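K.L.:
model this:
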Amino acid sequence: MSQSDHSNVATTTTSSCDDDTNGDQIKTEVKLEENVDGVESSEQSLTQQMDEDEQEPEPEIDIVINNVVCSFSVRCHLNLREIALNGINVEFRRENGMVTMKLRRPYTTASIWSSGRITCTGATSEDQAKVAARRYARCLQKLGFSVKFNNFRVVNVLGTCSMPWAIKIVNFSEKYKNEASYEPELHPGVTYKLKFPKATLKIFSTGSITVTASSVANVQAAIEHIFPLVYEFRKKRTILETKEKPRANL
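P.N.:
Numbering: from 1, shown residues only. Model (predicted):
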């Protein structure tokens, strides 16, 4: 074989080796690009998921005030028998030593004692309770009593709300043993006592919560306090719970 042939073979071998090397480099670059694309796609999906979590609106809880109890004084002695005989929508309860009087607007009931002390129940707001109290005082004034409206104050407020999910009340009561008590033999709900603002909450497994406090503002503050606590123990409602307890307007 001539020298020229040997050189051709060498050249051919070298070029083939170069092709293999270039091929390996191309494959490596392709793999790196695929890995980079995979990382970028995973980061994009994670970012999208985080954006969706951030964009998910927090549920708005509708608090319903069911009853506002107020008390006031008319600063005069009241003849209960005369009120029972001449008053409208009046009932004399001799065993309790008082007279009950009712109004249609606002729909409330007043308990009247001879000392001039009166309690009013059934209002759905503090303003409505004050309007009802003044109307009761006006009714007594029309019956001939020298009434002076005095010492009006809201004594008790009952509010309810419904969470958009059910609550694991057993686990909740176990974590908050100092504030919560759960006795299923006596009551189906957990009793949670809040010191500030002073309020008592009844928490049910269906997500329904009732609050008793001294004012409407304290009821709202109690719901704001309990929401993050029960949120930790949320669960999906069953079909039976959904039928028995319809979801509140949120």
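K.L.:
pull the longest strand from the protein.
P.N.:
strand 150-162 (DSSP state E).
K.L.:
domains for this structure, by residue range?
P.N.:
69-154, 163-244 (automatic domain parsing).
K.L.:
average pLDDT across stretch 102-118?
P.N.:
Stretch 102-118 comes out with an average pLDDT of 96.
K.L.:
Could I get the buried residue list for it?
P.N.:
By neighbour count with 16 or more other Cβ atoms under 10 Å, stretch 102-118 contains the buried residues Leu103, Pro106, Thr108, Thr109, Ala110, Ser111, Ile112, Gly116, Arg117, Ile118. In this view, the C-beta of every residue, glycine as well, is placed from N, C-alpha and C.
K.L.:
what are the bridge partners for the third one, then?
P.N.:
Spelled out, that is Thr108. Counting by DSSP bridges, Thr108 forms beta bridges with Leu103.
K.L.:
Next up, the contacts around Thr121.
P.N.:
Asn67, Val68, Val69, Thr108, Thr109, Ala110, Ser111 (Cβ atoms under 8 Å, 6 or more residues apart in numbering).
K.L.:
Could I get the residues you listed in CSV, plus columns for distance to Asn171 and secondary structure?
P.N.:
Below are the contacts of Thr121 laid out as CSV (distance: Cβ to Cβ, whole Å; DSSP: H, G, I helix; E, B strand; the rest coil):
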residue, distance to Asn171, secondary structure
Asn67, 31, strand
Val68, 34, strand
Val69, 34, strand
Thr108, 40, strand
Thr109, 40, strand
Ala110, 44, strand
Ser111, 42, strand
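K.L.:
For this structure, just list every one of the helices.
P.N.:
3-55, 80-86, 126-142, 169-175, 216-231, 239-244 (DSSP state H).
K.L.:
now the buried residues of stretch 102-118 as a markdown table including distance to Ile209?
P.N.:
A markdown table is the format used below for these (distance: Cβ to Cβ, whole Å):
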| residue | distance to Ile209 |
| --- | --- |
| Leu103 | 30 |
| Pro106 | 25 |
| Thr108 | 25 |
| Thr109 | 26 |
| Ala110 | 29 |
| Ser111 | 28 |
| Ile112 | 33 |
| Gly116 | 37 |
| Arg117 | 32 |
| Ile118 | 31 |
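K.L.:
Extract the C-alpha set from the longest strand of the chain and format it as CSV.
P.N.:
The C-alpha trace of strand 150-162 is given here as CSV (Å, rounded to 0.1, in the frame of the first residue of the first chain):
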residue,chain,number,x,y,z
ASN,A,150,-83.4,56.0,81.8
ASN,A,151,-80.5,53.6,82.2
PHE,A,152,-80.9,52.0,78.8
ARG,A,153,-78.2,49.4,78.0
VAL,A,154,-77.7,46.3,75.8
VAL,A,155,-77.4,43.3,78.1
ASN,A,156,-77.0,40.4,75.7
VAL,A,157,-76.6,39.7,72.0
LEU,A,158,-77.1,36.3,70.3
GLY,A,159,-75.5,35.9,66.8
THR,A,160,-75.1,32.9,64.5
CYS,A,161,-72.9,32.1,61.5
SER,A,162,-72.1,29.2,59.3
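K.L.:
Tell me which of the domains of the chain lies nearest to Asp62.
P.N.:
Nearest of these to Asp62, taken as Cβ to Cβ: domain 163-244 at 10.2 Å.
K.L.:
Quick one: mean pLDDT for that closest one?
P.N.:
Rounded mean pLDDT across domain 163-244 is 90.
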